[in-house]
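Undergrad: sequence and predicted structure, then a few things I'm wondering about:
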Amino acid sequence: MLKGKKAVVTGSTSGIGLAIAQELARQGADLVINGFGDADAIERERAGLEKDFGIKAVYLNADLMDEQAARDFIAQSSQALGGIDILVNNAGIQHTDLIEDFPVDKWNAIIALNLSAVFHCSAAALPGMKRQKFGRIINIASAHGLVASANKSAYVAAKHGVVGLTKVTALENAGTGVTCNAICPGWVRTPLVEKQIQAIAQQKGLSIEDAARELLAEKQPSLEFVTPQQLGQAAVFIASDAAAQMTGTTLSIDGGWTAR
């Protein structure tokens, strides 16, 4: 479906980002992956993408919290692939605390990576996409881009900002062949969520699985986690010709969380 397309996925050395990269590669897209982690593990993932799917995969590290580094990363990615057709803004971090106790450095870091990096990467990718009259910007927002939870002020603010930025990007580029949409996952059992499950287990003396069920029961009516692969398949759809007239939208994949 995506053979010959060139995709960049931020925060894609593990978790949701890696699953999205794998699904894009499965459909034939060449890739730049990005993120932190063990160098040997990242190289295994990169080489595995090439071997398993017969595509070109390049790893480029960058501190996307830095404005110039984020823009340089997009330029380097375009050079490595010979252009960018698909940009998936996925990189993110989390911290939970009451507003009055929220560390300023944590606030600044979350806003920088979860929101500002989306702006800088998109701004750097858009001119090339517009020249070629094709582009798909896919922002990984969150159910927290649509509704709020206590103790997550920076994350909720950033993800609401991503949803707003998605709409503006779509409006400014309507009719150019470039679309911009946001995917809003509910609970996905990523390392970030695993830490929250462990905290519930410790606080309430529960098993890990009972704590996971309690976490789901509070927000997600399906009582099942969204899988990273499901998010990857949604990204493939948004990148396809079938979604050419889908722009400025939020695609909720949240087990009914935001239907309440």
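TA: Received the coordinates, thanks.
Undergrad: return the distance of the worst-scoring helix or strand of the chain on mean pLDDT from the chain's centre.
TA: Within the chain, no helix or strand scores below helix 191-204, which has a mean of 91 by mean pLDDT, DSSP states H and E. Put simply, helix 191-204 sits 22 Å off its chain's centre (C-alpha atoms, centre = their mean, to the nearest Å).
Undergrad: and if you look at stretch 61-75?
TA: Relative to the chain's own centre, stretch 61-75 is displaced by 16 Å; criterion: C-alpha atoms, centre = their mean.
Undergrad: name the surrounding residues that touch it.
TA: 8, 10, 34-36, 60, 76, 84, 87, 91, 109, 112-113, 116-117, 120-121, 123-125 (C-beta atoms under 8 Å, 6 or more residues apart in numbering). C-betas here are computed from N, CA, C, even on glycine.
Undergrad: from residue 117, how far off is residue 211?
TA: Applying C-beta to C-beta, to the nearest Å, the value for residue 211 to residue 117 is 31 Å.
Undergrad: buried residues of the helix or strand encompassing residue 70, list them for me.
TA: Assigned by DSSP states H and E, residue 70 belongs to helix 67-81. Residues of helix 67-81 classed as buried by neighbour count (16 or more other C-beta atoms under 10 Å): 70, 71, 73, 74, 77, 78, 80, 81.
Undergrad: which SSE is immediately downstream of that helix?
TA: strand 86-89.
Undergrad: helices and strands around that next one, which ones?
TA: Secondary-structure packing of strand 86-89 (3 or more C-beta pairs under 8 Å, 6 or more residues apart in numbering; DSSP states H and E): strand 6-9, helix 15-26, helix 117-132, strand 135-140.
Undergrad: against which helices or strands is the third one packed?
TA: Taking 3+ C-beta pairs under 8 Å, 6+ apart as the contact definition, the neighbouring helices and strands of helix 117-132 are helix 67-81, strand 86-89, strand 135-140, helix 153-172, strand 178-185.
Undergrad: not counting its own residues, what contacts it?
TA: In contact with helix 117-132 (C-beta under 8 Å, 6+ apart) are residues 8, 10, 64-65, 67, 70-71, 73-75, 78, 83-85, 87, 89, 91, 135, 137, 139, 162, 165, 169, 173, 176-178, 180.
Undergrad: show the buried residues in those.
TA: By neighbour count, with 16+ other C-beta under 10 Å, the contacts of helix 117-132 hold 8, 10, 64-65, 70-71, 73-74, 78, 83-85, 87, 89, 91, 135, 137, 139, 162, 165, 169, 173, 178, 180 as buried.
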